[in-house]
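**Student:** structure of the sequence below:
(chains A and B)
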Amino acid sequence: MTYDHIQTSLKENVPVVTLAVSKFIDRLLIQETQQELISYIKSTKPEKMVIDFKSVESISSEFITTMLRCSEYVRSENGKLALCGMSPVVRMAFKVTNLDGTILSIQDSVVKAIDSFES
Amino acid sequence: MTNQVRILVVDDSATQRILLESHLKSGGYDIHTAGDGVEALECIQRELPDMVVTDLQMPNMDGLQLVREISEQQIDVPVILTTAAGSEIIAAEALHAGAASYVPKSALATLLLPTVVRILELRKASQPNQQLADCLGSVSIQWHLTNDQSLVPDLIRRVEAILNEFGVYDSSQHMQIAMALDESITNAIVHGNLEINSDLRDIDNGQPYVDEINRRMTLPPYCDRRVLFRIQADRNNATFTIRDQGPGFCVDKVADPTDMANLENVSGRGLLLINAFMDEVSHNEGGKEIVMVKYCDNTADEVST
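**Tutor:** As a prediction, this is how the structure comes out:
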């Protein structure tokens, strides 16, 4: 399956989904990206999965909700999700909403995200 | 005199790179080179050139892919392609993907330099005159927005362009302003004017929420309501006023989304982001208007002391 807003790859056998959009403030774009992410999770049922934010400059609270949905879908398959590669501004959005380290695991890099699954 | 314009030449053939370099050096440009699209992207990320001149056919990442990557990552740099005979269709695709122009390899000697000059001049003409921007004292503009959320990203880009003329915010502050504006304008449209309840977002991945927004956008009285958005900015701060025509809401009644019991609920997060990213936030009594202030760095220091 091909995706427009995400790129998928494997690192150390862990699926890494890279968000290929810089600004997640357009509603339609957020909806489409959410559909792609959920469709990917449903089709691959990953035990572990990383979402890389390295290209993302800004997000909205609606996109935070999208991340929570992805987390729910991965957890419903007994999987683990980690987010990584966030800019300080994007990470701040997760921090102030008290999601960083509570419901969502957020790491600095893909390598650290993969390492975090072992702990 | 050496021209400060920096051009990145991308070609997998060393001979071709030397040839391109020699054509461009006669224009006095500062030339850097890369062997393929991947290497070019690394160079661009290290230091943004004023222009990229790239071959179409290359290993690893070809010219068309490079143009697409530049466009997708919203990197602000014009790209000129050099094309061999028979690659006109791919060149047209590249133009569609965002390339500025192309020059046939057979005509490099005569067309490359004039094309580079023309594109650079066009680019200069489309950018704001910095001297004029330095004379800007203050700005006050307001819009009366319909409830079409697709307008919001363009409005934010417009605001960013206005604030850029003052040059008092760094890129991180621009992002903070963009995110707070997005939350507040969307709140005014969706929860204010259209009176949509956030709880709908919890059902079926939010599809009923989207459907109800679309339904009310054409339904009176919701469809007749407007959102006033006003920006008043000078070199010290920017004040944003957003007012909807809905029934209003009570800020104090919004459940604390940072409470562990509410973490997975969808409501209230937008207000948190607004408060985190703006320096001052106030709501009017009826809950129909929010006023947000963002100081520039110097002013913020003065206020905190």
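**Student:** and stretch B:80-90, how far apart are its ends?
**Tutor:** 13 Å (CA to CA, to the nearest Å).
**Student:** hey, where'd the strands end up in chain A?
**Tutor:** A:6-11, A:14-19, A:23-24, A:48-52, A:58-59, A:80-84, A:105-107 (DSSP state E).
**Student:** quick check, central residue of chain A?
**Tutor:** A:Ile51 (3.3 Å; CA atoms, centre = their mean).
**Student:** what residues are up against that one?
**Tutor:** When contacts are counted by CB atoms under 8 Å, 6 or more residues apart in numbering or on different chains, A:Ile51 touches A:16-19, A:37, A:67, A:70, A:81-84. C-betas here are computed from N, CA, C, even on glycine.
**Student:** buried subset of those residues as a PyMOL selection?
**Tutor:** Remark: buried members of the contacts of A:Ile51, expressed as a PyMOL selection using 16 or more other CB atoms under 10 Å in any protein chain shown:
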select buried, chain A and resi 16+17+18+19+37+67+70+81+82+83+84
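**Student:** save the contacts of A:Ile51 as JSON lines, and put in pLDDT too.
**Tutor:** Output for the contacts of A:Ile51, formatted as JSON lines (pLDDT from 0 to 100):
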{"residue": "A:Val16", "pLDDT": "96"}
{"residue": "A:Val17", "pLDDT": "97"}
{"residue": "A:Thr18", "pLDDT": "95"}
{"residue": "A:Leu19", "pLDDT": "94"}
{"residue": "A:Leu37", "pLDDT": "96"}
{"residue": "A:Met67", "pLDDT": "94"}
{"residue": "A:Cys70", "pLDDT": "95"}
{"residue": "A:Leu81", "pLDDT": "97"}
{"residue": "A:Ala82", "pLDDT": "97"}
{"residue": "A:Leu83", "pLDDT": "97"}
{"residue": "A:Cys84", "pLDDT": "96"}
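**Student:** so which of the contacts of A:Ile51 also contact chain B?
**Tutor:** Contacts with chain B within those, counted by CB under 8 Å from any CB of the partner chain: none were found.
**Student:** mean pLDDT lowest where, among the strands of chain A?
**Tutor:** Comparing mean pLDDT across the strands of chain A, the weakest is strand A:23-24, with a mean of 83.
**Student:** direction included, what does it pair against?
**Tutor:** Strand A:23-24 sits in its sheet next to strand A:58-59 (parallel), going by DSSP bridges.
**Student:** and the top helix by length along chain A, what does it pack onto?
**Tutor:** Looking across chain A with DSSP state H, the single longest helix is helix A:27-44. Applying 3 or more CB pairs under 8 Å, 6 or more residues apart in numbering or on different chains; DSSP states H and E, one finds that helix A:27-44 contacts strand A:6-11, strand A:14-19, helix A:61-76.
**Student:** would you turn those into TSV with distance to B:Val152?
**Tutor:** TSV is the format used below for those (distance: least, CB to CB, whole Å):
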stretch	distance to B:Val152
strand A:6-11	23
strand A:14-19	20
helix A:61-76	11
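**Student:** residues making contact with the worst-scoring helix or strand of chain A on mean pLDDT?
**Tutor:** Of all helical and strand segments in chain A, the minimum by mean pLDDT, DSSP states H and E falls on strand A:23-24, at a mean of 83. Applying CB under 8 Å, 6+ apart, the external contacts of strand A:23-24 come out as A:30, A:33, A:56-60, A:62-63, A:66, B:74, B:153, B:178.
**Student:** adding distance to B:Glu39, write these out as JSON lines.
**Tutor:** Below are the contacts of strand A:23-24 laid out as JSON lines (distance: CB to CB, whole Å):
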{"residue": "A:Ile30", "distance to B:Glu39": "33"}
{"residue": "A:Thr33", "distance to B:Glu39": "29"}
{"residue": "A:Val56", "distance to B:Glu39": "24"}
{"residue": "A:Glu57", "distance to B:Glu39": "24"}
{"residue": "A:Ser58", "distance to B:Glu39": "28"}
{"residue": "A:Ile59", "distance to B:Glu39": "30"}
{"residue": "A:Ser60", "distance to B:Glu39": "34"}
{"residue": "A:Glu62", "distance to B:Glu39": "37"}
{"residue": "A:Phe63", "distance to B:Glu39": "32"}
{"residue": "A:Thr66", "distance to B:Glu39": "34"}
{"residue": "B:Gln74", "distance to B:Glu39": "20"}
{"residue": "B:Pro153", "distance to B:Glu39": "32"}
{"residue": "B:Ala178", "distance to B:Glu39": "31"}
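**Student:** compare the residues you listed and tell me which is most surrounded.
**Tutor:** Counting neighbours by other CB atoms under 10 Å in any protein chain shown, A:Ile59 comes out on top of these with 27 neighbours.
**Student:** re earlier: give me the buried positions along the longest helix of chain A.
**Tutor:** A:27, A:29-34, A:36-38, A:40-41.
**Student:** closest one of the residues you listed to chain B?
**Tutor:** Closest to chain B out of the buried residues of helix A:27-44 is A:Arg27 (4.9 Å), distances taken as CB to the nearest CB.
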